[in-house]
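Trainee: Sequence plus the predicted model coming up.
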Amino acid sequence: MIRAISPIHGYLLLAIFGVVMILLTALKSRGHYWKTQVGFLAAGRKVSWFVGSLSIAVSWIWAPALFISVQQAYQQGIPGIFWFTFPNIICLLILAPLGLRIRKYLPDGYTQPEWIQYRFNKTIHKLYLFPFFWYQVMAVVVQLYAGGNFVSLLTGIPLIHVMVILAGVVLIYSVISGMRASIMTDYLQYALIFFGGLIILPWTIHAAGGWHAIKPGLGGVTGLHKNLLDPQVAFSFGIVTSIGLISGILGDQQHWQRAFVIKKEQLAKAYIWGGIFFGIVPIGLSLLGFIGANQALHVTLPQGVDPAMIGVAVIVRYLPAWAVLFFVIMLLSSLCATLDSGLCAAGSLYAVDVAGYSKEEMKMLDKEETGEPFTEVDRKIREELDRKVVRRSRFAMVAITIIGFALAIVVLKIPNFSLKYLWWGLNAVGICFAVPTVLSLYWPRLSSKGVALGVGTALVLAVPVFLYGNAVGSTLMTVLGSVGAVAITTLFCWLLPRKVPFQLNPRGEFSALVDDPS
């Protein structure tokens, strides 16, 4: 075991970290405004590009990614870290035009499935809710189990204790003000990750011998992977990773939600800088992997320790053991950022897409959208809807935390059951929805039938191939499954177009007035 600090100090660190996040949220969320629907679900739609870009970046840095980036550099050298970082950045850049598009069509919206319901019908809407909710469940499971495992390894605190503390802390500050809480804590959490890296990376590199310690490890631990576009790494890791990541972000409400949160005129800038701010982290941490891969330095891992811990082993080798404390703080920041984003995303999905609105509430929302004056009755409906939406969202946050925690316990307790099985299933399903999601915003002839049959066929034919490939370790089968899902959904969407193109209403916004005759 590589331990950074004692369990007692670990508990103290968790307590301090939790108190700081809760106090920051409470201090920045005073007043009534954050008790409204737009305040709780969309932070008032007034978040600046800079704060928004940091939130986008840190919510995309899932806790294990801090270790996987180092592991890829260690095992597969330059192409390994390239195929980890580049697709992740591309994902955020892809969301820039998509975010602008959905904000144009749904200016007062909150979720991506909300657009799907207007664009298609209730059947397709329900179909979409499955992967969108499942991504939030997995956000909770991965952060609590996988991220919690790393915290446990570094502090000696039992995993179950770490999971309970982190789930409790994040749930407490998330229910205070929803997206406002997520955005404000994201700002601090990214700062902790950035400045933590700014301390340990130069310090470690200097102690190891500078550039001369990094250069021999650029080809990975085998020394065979110095070509940036190494075809072996590209095929075995790059293709599947790229498709999985892009599909993942397209099916993740966490990132669509930020399209409705950031000021519209600054949205593209926020996503572009979000990609840059994200890229800084894995690229910087990869230097630890290159140092670990330098055979002349003899950095070794204890027997049975995951290769993902190579970065910690490098730090312990060249710095005082307590310096790993900075890595623990970075890990906690990444873990909590994604976890609170998942809770907020689940809250918006439940409050808007599941609970929905009554006829009276819909009429009031139409008036609000068009700027018509409210009557006294309308104001009362608005106030009551605000209370209901906040209450429903908080309920969903609690529910998703309990479900995610329960699944994490299942992974922990059931012999031979691994988190990877849940992760494979999530990626496989997500890939089936990627093409229809993009086409829904750009191609007016995309039909409900094309989406339903395309997704259904991909689930039946491509997903089993993808899952089997992962289960037996066949790169070819995994690639065929992921590429096949994209090809199948594209084909059905193209072969079964709408007879009458989908139309926008005169204001240039969404319209459900033209039914899908297909």
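Mentor: Received it, and whenever you're ready, just let me know what you need. Residues are numbered from 1 along each chain as shown.
Trainee: List the buried residues in whichever strand or helix holds Phe466.
Mentor: Assigned by DSSP states H and E, Phe466 falls within helix 448-472. Buried residues in helix 448-472, defined by neighbour count with 16 or more other C-beta atoms under 10 Å: 448-455, 457-459, 462-463, 465-467, 469-470. C-beta coordinates here come from the backbone N, C-alpha and C atoms, glycine included.
Trainee: Surely Phe194 and Ile280 touch.
Mentor: Yes - if you go by C-beta atoms under 8 Å, Phe194 and Ile280 touch, sitting 7.2 Å apart.
Trainee: quick one, which of the two is more surrounded?
Mentor: For Phe194 versus Ile280, the count of surrounding residues by other C-beta atoms under 10 Å is larger for Phe194: 18 against 15.
Trainee: OK, contacts around that one?
Mentor: The contact partners of Phe194, by C-beta atoms under 8 Å, 6 or more residues apart in numbering, come to Ile280, Val281.
Trainee: I'd like the average pLDDT over the helix or strand containing it.
Mentor: If you go by DSSP H and E, Phe194 is part of helix 179-208. Helix 179-208 shows a mean pLDDT of 95.
Trainee: Stretch 455-468 too?
Mentor: What stretch 455-468 shows for mean pLDDT is 94.
Trainee: same deal with stretch 477-489?
Mentor: 94.
Trainee: Can you give the contact residues for that stretch?
Mentor: The list of residues contacting stretch 477-489 from outside it, by C-beta under 8 Å, 6+ apart, reads 235, 239-240, 243-244, 427-428, 431-436, 451, 454-455, 457-458, 461-470.
Trainee: repeat that with 6 Å
Mentor: Contact partners of stretch 477-489, identified using C-beta atoms under 6 Å, 6 or more residues apart in numbering, comprise 239-240, 243, 431-432, 435, 454, 457-458, 462, 465-466, 468-470.
Trainee: go on, stretch 433-444?
Mentor: Applying C-beta under 6 Å, 6+ apart, the set of residues contacting stretch 433-444 is 101, 119, 131, 247, 250-251, 446, 451, 489-490, 493, 501-502.
Trainee: ok, now stretch 400-420?
Mentor: Contact with stretch 400-420 is made by Gln136, Val137, Val140, Val141, Leu144, Tyr145, Ala167, Leu171, Ala346, as judged by C-beta under 6 Å, 6+ apart.
Trainee: List the buried residues for that stretch?
Mentor: Ile400, Thr401, Ile403, Gly404, Phe405, Leu407, Ala408, Val411, Leu412, Leu419.
Trainee: Against which helices or strands is the helix holding Phe466 packed?
Mentor: helix 419-442, helix 475-495 (3 or more C-beta pairs under 6 Å, 6 or more residues apart in numbering; DSSP states H and E).
Trainee: most neighbours per residue, which of those helices?
Mentor: Most buried of these by mean neighbour count (mean count of other C-beta atoms under 10 Å) is helix 419-442; its value is a mean of 21.
Trainee: Pull the distance from it to the chain's centre.
Mentor: Chain-centre distance of helix 419-442: 13 Å, with C-alpha atoms, centre = their mean, to the nearest Å.
Trainee: Same question for stretch 70-86.
Mentor: That offset, for stretch 70-86, works out to 20 Å (C-alpha atoms, centre = their mean).
Trainee: what mean pLDDT does that stretch have?
Mentor: Averaging the model's pLDDT scores along stretch 70-86 yields 94.
Trainee: List the buried residues in that stretch.
Mentor: When burial is assessed from 16+ other C-beta under 10 Å, stretch 70-86 yields the following buried residues: 70-86.
Trainee: one step back: distance to Leu153 for the helices and strands packed on helix 448-472 - can I get that in CSV?
Mentor: Below are the helices and strands packed on helix 448-472 laid out as CSV (distance: least, C-beta to C-beta, whole Å):
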stretch, distance to Leu153
helix 419-442, 15
helix 475-495, 28
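Trainee: Nearest to Val261, out of those helices?
Mentor: Judged by C-beta to C-beta, the one of those that comes nearest to Val261 is helix 419-442, at 18.3 Å.
Trainee: Read off the pLDDT value for Ala512.
Mentor: In the predicted model, Ala512 carries a pLDDT score of 43.
Trainee: which element follows the helix or strand containing Ile89 toward the C-terminus?
Mentor: Using DSSP H and E, Ile89 sits within helix 65-105. As assigned by DSSP H and E, the chain's next helix or strand after helix 65-105 is helix 112-119.
Trainee: what angle separates that next one from helix 448-472?
Mentor: 150 degrees (axes from the mean of the first three to the mean of the last three C-alpha atoms, to 10 degrees).
Trainee: Residues contacting helix 112-119, please?
Mentor: 102, 106, 124-125, 128-129, 132, 256, 352-353, 440, 510, 512.
Trainee: which of those residues lies closest to Arg392?
Mentor: The closest of the contacts of helix 112-119 to Arg392 turns out to be Val352 (C-beta to C-beta; 8.9 Å).
Trainee: in the protein, which residue is closest to the centre?
Mentor: The centre of the chain sits closest to Trp60, judged by C-alpha atoms, centre = their mean, with a distance of 4.5 Å.
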